[in-house]
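# here is a sequence together with a model predicted from it:
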Amino acid sequence: MGAASARLLAGPGRRLWLLAKRGEMLDAVARDVRDAGAQAEALPCDLADAAAVARAFERVGPRVDVLVNAAALPANTVAAAEPAEIMRVMAVNLVGAMLCAREAALRMPAGGTILNVGSLCVSPASRTPSARRWRRATSAWCS
């Protein structure tokens, strides 16, 4: 969802900073954004690491007009997940989004926007096991 959001926001005169753990994926998205006429910088970053997020935003600079929080780790069903996987999913999907929002808010002028992207799995209408897997991680932030 983050890659799709970046591609939609790309356009002449825009500057995007892309944060995610997987550098190769970031580089591909940054190329697409540049091809659309925007400036883009890929910043590999573990979103669950507060110090890493702070360092990434230091590179972004003193001003952030828009933040799109769209990072999410896929996971097993809760019953099949090991405790470490549960903690990692919550750390990235919930805490990582909050850390990015905090850093962006510190740099955001009046009128700035923070957009937290969830998924259909936060909807009570989602009844499939795959949709319910991590509803709480996303809905905790997007509610």
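Received, thanks.

# three-state assignment of residue 89?
The three-state assignment at residue 89 reads helix, by DSSP: H, G, I helix; E, B strand; the rest coil.

# could you check how many residues crowd around it?
Residue 89: 23 surrounding residues under other Cβ atoms under 10 Å. For glycine as for every other residue, the C-beta is placed from the backbone atoms N, C-alpha and C.

# give me the pLDDT for it.
If you check residue 89, the pLDDT there is 85.

# that one contacts residue 71, correct?
No - the pair residue 89 / residue 71 is not scored as a contact, 10.9 Å apart, by Cβ atoms under 8 Å.

# may I ask you to name the longest helix in the chain?
helix 23-35 (DSSP state H).

# tell me what that helix is packed against?
Here helix 23-35 touches helix 2-9, strand 15-20, strand 39-44, going by 3 or more Cβ pairs under 8 Å, 6 or more residues apart in numbering; DSSP states H and E.

# ok, which of those comes nearest residue 60?
strand 15-20 (4.8 Å; Cβ to Cβ).

# partners of the closest one in the sheet?
Within its sheet, strand 15-20 is paired with strand 39-44 (parallel), according to DSSP bridges.

# what does the strand it pairs with rub up against?
6, 10, 14-23, 26-27, 29-31, 33-34, 56, 59-60 (Cβ atoms under 8 Å, 6 or more residues apart in numbering).

# burial check on residue 39, number of neighbours?
Using other Cβ under 10 Å, residue 39 has 14 neighbouring residues.

# and the pLDDT at it?
Confidence score, pLDDT, at residue 39: 95.

# so what's it bridging to?
residue 15.

# and the one 4 residues further on, by the same measure?
As for beta bridges, residue 43 partners with residue 19 under DSSP bridges.
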